[in-house]
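Enquirer: Show me the folded form of this:
(3 chains)
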Amino acid sequence: MSTAASVDTPATQDDRDLALYAERIDRPPQLKTAEFSREGRLRHVIFGGQYSVDVLEDLAGTADKIRLLSKSRDGQDFLLRLLAHKRAMLYFTQPSTRTFLSFMAACQILGVTCNEVRDPTTSSETKGETRFDSIRMFSSYFDLVIMRSPVARLAEACAYLMNDLERSGNRSVPIINAGSGADEHPTQALLDIYTLQRTFQFVSPKDSPAATKLDKLRDEYPDLNTGLAGKTYGFCGDIGRGRTVRSLASLLSLYEGVSLVFVAPDHPTLRMGDDLRQRLDRRGVRYVEVESLESPINGVPAIETLDALYMTRIQKEHNAAADDAEFAAIDFANFKLTAELARRMKRYAPILHPFPRDQHFGEIPPEIDNDPRAMYFRQARNGMWVRAALLAHVFNVDHRVARCYHEHYGDWLAGGQA
Amino acid sequence: MSTAASVDTPATQDDRDLALYAERIDRPPQLKTAEFSREGRLRHVIFGGQYSVDVLEDLAGTADKIRLLSKSRDGQDFLLRLLAHKRAMLYFTQPSTRTFLSFMAACQILGVTCNEVRDPTTSSETKGETRFDSIRMFSSYFDLVIMRSPVARLAEACAYLMNDLERSGNRSVPIINAGSGADEHPTQALLDIYTLQRTFQFVSPKDSPAATKLDKLRDEYPDLNTGLAGKTYGFCGDIGRGRTVRSLASLLSLYEGVSLVFVAPDHPTLRMGDDLRQRLDRRGVRYVEVESLESPINGVPAIETLDALYMTRIQKEHNAAADDAEFAAIDFANFKLTAELARRMKRYAPILHPFPRDQHFGEIPPEIDNDPRAMYFRQARNGMWVRAALLAHVFNVDHRVARCYHEHYGDWLAGGQA
Amino acid sequence: MSTAASVDTPATQDDRDLALYAERIDRPPQLKTAEFSREGRLRHVIFGGQYSVDVLEDLAGTADKIRLLSKSRDGQDFLLRLLAHKRAMLYFTQPSTRTFLSFMAACQILGVTCNEVRDPTTSSETKGETRFDSIRMFSSYFDLVIMRSPVARLAEACAYLMNDLERSGNRSVPIINAGSGADEHPTQALLDIYTLQRTFQFVSPKDSPAATKLDKLRDEYPDLNTGLAGKTYGFCGDIGRGRTVRSLASLLSLYEGVSLVFVAPDHPTLRMGDDLRQRLDRRGVRYVEVESLESPINGVPAIETLDALYMTRIQKEHNAAADDAEFAAIDFANFKLTAELARRMKRYAPILHPFPRDQHFGEIPPEIDNDPRAMYFRQARNGMWVRAALLAHVFNVDHRVARCYHEHYGDWLAGGQA
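Expert: Model (predicted):
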């Protein structure tokens, strides 16, 4: 697997194509975000650093509206027409059933027609076609490319290609990164954030915008507020290789006064990596690393301090040769949630997991599934809503969603808030 | 392949999940059907025993109406909107092109958007995800799961899972069994029955509800009546392993006064199994087993006594090691339909076959294809209509089909019958 | 791979099925075209010889209209409804990502619902199903079969099967050949022709029907005219195995006064084959064969004489054992386009390539991609438009496209031409 940066003497046109953009790729994120935007909205969605708090709140608002409109046939029909003239290519050369189906469903909610290429090697590649020629083919037939690839930075390079084509007057379409090598998976972070946003609205499970259970919770937790700011977030398991942990932690650091707790074995493969550590240090985020869900933090067991807990799977399929032997010495019981531990969590603290969970490891046993704080199945459905919101944003129809929503619910909302 | 019943010490969570429902699965069918219904209509479609004659006649009526509405662009447009807000998952871990495409087409007729997972091993399963977690993922994104699996009873277990989720206030969707292990394939039985229902309406091939050829046939067959009751049905070939034979014979036994003729080699693998025999005995159905299409029944060769003939393929891919040697001694010519045999069949007796037929075995040679009684190609199209009817039934829009049909054809029907 | 003609003693039903049509297949093309038409329009699209200049101009006109209607949401909505009641089967047992996606997109533009079978061996075939039974299954569920197969003439045989079914009152659907063995790929030829038709309209890149750059070009090229007649077309590379070269050259020979230049190594595998030579001779088309893009023709280097250049990939995956050694002696540099050569081409001469191009061979280096004459990416998009036009033609809705187009653009066109 060749990354743009590591190529010294590009041997194939594919290598030369990536090398062409190496310099632009290697810039710090803040210098790049503008290129992936148009008129204040995301054009290409490549890495988590593109999201501001404003964008995150905006997407959550659109996701909420799409979700509520989907409850009536009229709302569904409105949504189904919204992007019925758009055709998407889901180009998934790295397999992921869950991400794939979530994007499919998101497209379908808005009427987008889906196409897919999922073989790692398409017939054209075996005939010597470059990746860029493939992408240009897709952009000839379709209006959007959602891509997932084992090649690091390929999605970013494709976004630059599209920008260059646009500049020279050629056809150009948005690129959405659905997972690129080991580094970025920006829409997964979006659904994790959206699940927290929904949970910390403290509205009823029926999603009535007027009802709230916050008042009751405050009897027990007087300092509890809505929103993501000021809360303590726990991450447990494979922190080192958890792409989703890195992305979510980075996004949470955009919010005021958050604290992060990382619970992982003290092993270089599994504990927090230097890149995340530096990012958090740079932003002045408070965080602590412990080796058990029971480790004390300021005298209180970690599990009892959390406003939200993000569990993860040990990604053993990525083990290096040395890891297997060293992992045998680790007591992984410290990184599994049990019913007893769950009982000690705050009454409102949601349990998340990027899924799939591992039935053989058992980081979350099924008896917890019926706990009302278990959010991991709803996370999947949230992913669908927020990806639909992202599509509406990219294609600049989110204001139409908002207008339709207010026509449907406006009076009732006004009444409910009166 | 583990069945719920055979698991003593469940080793994996998948085993434990099935074991959890083993007791409910092992109940007699009549105790289970109510759980798979809601307000008098099928909620999950799991096994053939759920169909009553009323349901079968109801589905046939809806299938007829969908078929006739599909003849006009107005009718098509009505149908295409009917379930346009629904998304289906076709989860086929046991391959079947024909069943898969038939369900696809049925969905598409009613506007349902289709998604598919057809790999035996999805990427999530290799990461340790349980089958139940996969099904819950599908139920998060989609409104219906149509599943075909090599694991016996898995569809039934998933239906219980959905019921339990419903009961605990979680999202729950209908499950349709498109083939589960060796035991059940309830929608195949439906299309076989529907083909017989259509044939024994004795309306013209043009499907004009006013025309009939029954009057003319009665000159030759004075006792001939419309409908499935009182007729003699032949089954020929691989009776022992023919899941479709077992299902169709069971459904036919719901009708008054039917007689069944089973034509199969006298070999334990190929002749009727004990389960079907007991079921027929319990219901008091008349049946006879013979070893050739020419064997006499009450002095008349079997082939000449039949009101309908259901041919099947020898499923040699399921041969056990011992079978190959023993089968070599069987004269399979007795289980092939020839043009000469077809000539001796009743003039109206339809020839069915669940397809695919085997070109190497030749149970139905192509020269019979042009015989007007050859129904096996029309069977495929009937399967599409009746599966569409089933979807309309499950989603409770069949009454809308009926209303639209009567608006389109009401006056003409009245005139035609006047 | 068995062709109908080469089978002497058909061993399987599949062989017998093809043998059944061998005599009809072996007739000269002009005796066959009528069978693939209905009321003056194509019913089945099987081989390039079915296109007349009238049909080609008609399809180009429809493709232009579909393309322009697609620029507005109103036009898109009109198109999306046009064939929303049709379901297509894309039966691609020979892989081709590009052709497959192009047909998908074409279907989607007109609202046709797509289904696919892409496995070389479907589950039914492994159970002994014949190809004809598979095709009849598809025709039971769907309204159109678009097929690509490694078996020569299979598409043609299927078209005869459909005709025979039609004659006997059975269900029958159109067959479109998307590549059949080594011989025919009639829709690829269509998109090559359409790209030339668009280019030689000499309208602006913005596709305004009123603007033209022909006047300016005539200052430099006084004899230049619109249209395909009277021009010189170059073909370079793998002429011998280039199915697309053979098809395009044949279609160009329908136009008055064209000259063809074939640039290929002097090797029996790579230079023009006898079949194409005879066809051109029979039609009295002027052509010349040379061994380099620089070879002089009437004293002028070939590259400078061309009105259009069609580059191709060396199809090394089809090399015979002997080829590899013999090819090593060939200087392939003569069959690559360079920036320097491109500079010497006529200012308006389009560069085409059927794609994929081979990054390792480098017949067109990427630095030419930004040349305004590089049409090979636009070719892909043209393929989508002209295939949509073909579907509209086959389903007899092209006149509705024309009517809608004139309602949208009629007044503006009239004004623009005034």
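Enquirer: Am I right that residue A:188 is in contact with residue A:243?
Expert: Yes. Using CB atoms under 8 Å, residue A:188 is in contact with residue A:243, at 7.5 Å. All C-beta atoms are positioned from the backbone trio N, CA, C, and that covers glycine.
Enquirer: Now do the shared contacts for the two.
Expert: Any residue near both residue A:188 and residue A:243 by CB atoms under 8 Å, 6 or more residues apart in numbering or on different chains counts here, and that gives residue A:179.
Enquirer: Tell me which of these two has more neighbours.
Expert: More crowded of residue A:188 and residue A:243, by other CB atoms under 10 Å in any protein chain shown: residue A:188, with 24 against 20.
Enquirer: give me the element the more buried one is part of.
Expert: Using DSSP states H and E, residue A:188 sits in helix A:186-199.
Enquirer: At which residues are the strands of the stretch 201-350 of chain A located?
Expert: A:232-236, A:259-263, A:286-290, A:296-297, A:300-301, A:308-311 (DSSP state E, counting those that start in this stretch).
Enquirer: does chain B sit close to the last one?
Expert: No. Contact check for strand A:308-311 against chain B, using CB under 8 Å from any CB of the partner chain: none in range, with a minimum separation of 13.6 Å.
Enquirer: Can you tell me what sits against that strand?
Expert: With CB under 8 Å, 6+ apart, strand A:308-311 has contacts from A:192, A:196, A:199, A:231-237, A:245, A:248, A:303, A:337, A:345, A:349-354, A:357, A:363-364, A:376.
Enquirer: that older thread, okay, the strands of the stretch 201-350 of chain A in JSON lines with mean neighbour count and mean pLDDT next?
Expert: Shown next, in JSON lines, are the strands of the stretch 201-350 of chain A (neighbours: other CB atoms under 10 Å in any protein chain shown; pLDDT from 0 to 100):
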{"stretch": "strand A:232-236", "mean neighbour count": "25", "mean pLDDT": "98"}
{"stretch": "strand A:259-263", "mean neighbour count": "23", "mean pLDDT": "98"}
{"stretch": "strand A:286-290", "mean neighbour count": "16", "mean pLDDT": "98"}
{"stretch": "strand A:296-297", "mean neighbour count": "14", "mean pLDDT": "96"}
{"stretch": "strand A:300-301", "mean neighbour count": "12", "mean pLDDT": "98"}
{"stretch": "strand A:308-311", "mean neighbour count": "27", "mean pLDDT": "98"}
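Enquirer: Redo these as JSON lines? Include distance to residue A:184.
Expert: As requested, the strands of the stretch 201-350 of chain A are arranged in JSON lines below (distance: least, CB to CB, whole Å):
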{"stretch": "strand A:232-236", "distance to residue A:184": "18"}
{"stretch": "strand A:259-263", "distance to residue A:184": "20"}
{"stretch": "strand A:286-290", "distance to residue A:184": "21"}
{"stretch": "strand A:296-297", "distance to residue A:184": "30"}
{"stretch": "strand A:300-301", "distance to residue A:184": "34"}
{"stretch": "strand A:308-311", "distance to residue A:184": "18"}
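Enquirer: what residues are up against residue A:266?
Expert: residue A:291.
Enquirer: per-residue pLDDT, it?
Expert: Per-residue pLDDT puts residue A:266 at 95.
Enquirer: what does residue A:2 give?
Expert: Reading off the model, residue A:2 has pLDDT 40.
Enquirer: Next, residue A:136: phi, psi?
Expert: Residue A:136 adopts backbone torsions of phi -70, psi -40, taken as degrees, to the nearest 10.
Enquirer: dump the residue contacts of residue A:132.
Expert: Applying CB under 8 Å, 6+ apart, we find residue A:132 in contact with A:14, A:17, A:158, A:161, C:366.
Enquirer: which element is it on?
Expert: Using DSSP H and E, residue A:132 sits within helix A:131-141.
Enquirer: Give the other helices and strands that the helix holding residue A:188 contacts.
Expert: Applying 3 or more CB pairs under 8 Å, 6 or more residues apart in numbering or on different chains; DSSP states H and E, one finds that helix A:186-199 contacts helix A:53-69, helix A:97-109, strand A:175-180, helix A:243-252, strand A:308-311, strand A:351-352, helix A:376-394.
Enquirer: Convert it to CSV, retaining C-alpha atoms only.
Expert: What follows is helix A:186-199, C-alpha atoms only, in CSV (Å, rounded to 0.1, in the frame of the first residue of the first chain):
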residue,chain,number,x,y,z
PRO,A,186,-15.2,11.4,8.6
THR,A,187,-18.9,10.2,8.4
GLN,A,188,-18.5,7.7,11.2
ALA,A,189,-17.4,10.5,13.5
LEU,A,190,-20.5,12.4,12.4
LEU,A,191,-22.9,9.7,13.5
ASP,A,192,-21.2,9.3,16.8
ILE,A,193,-21.5,13.0,17.4
TYR,A,194,-25.1,13.0,16.2
THR,A,195,-26.0,10.2,18.6
LEU,A,196,-24.5,12.3,21.5
GLN,A,197,-26.3,15.4,20.2
ARG,A,198,-29.6,13.6,20.2
THR,A,199,-29.1,12.0,23.6
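Enquirer: ok, which residues in the stretch 151-300 of chain A are in contact with chain C?
Expert: Residues of the stretch 151-300 of chain A lying near chain C (CB under 8 Å from any CB): A:168, A:169, A:170, A:171.
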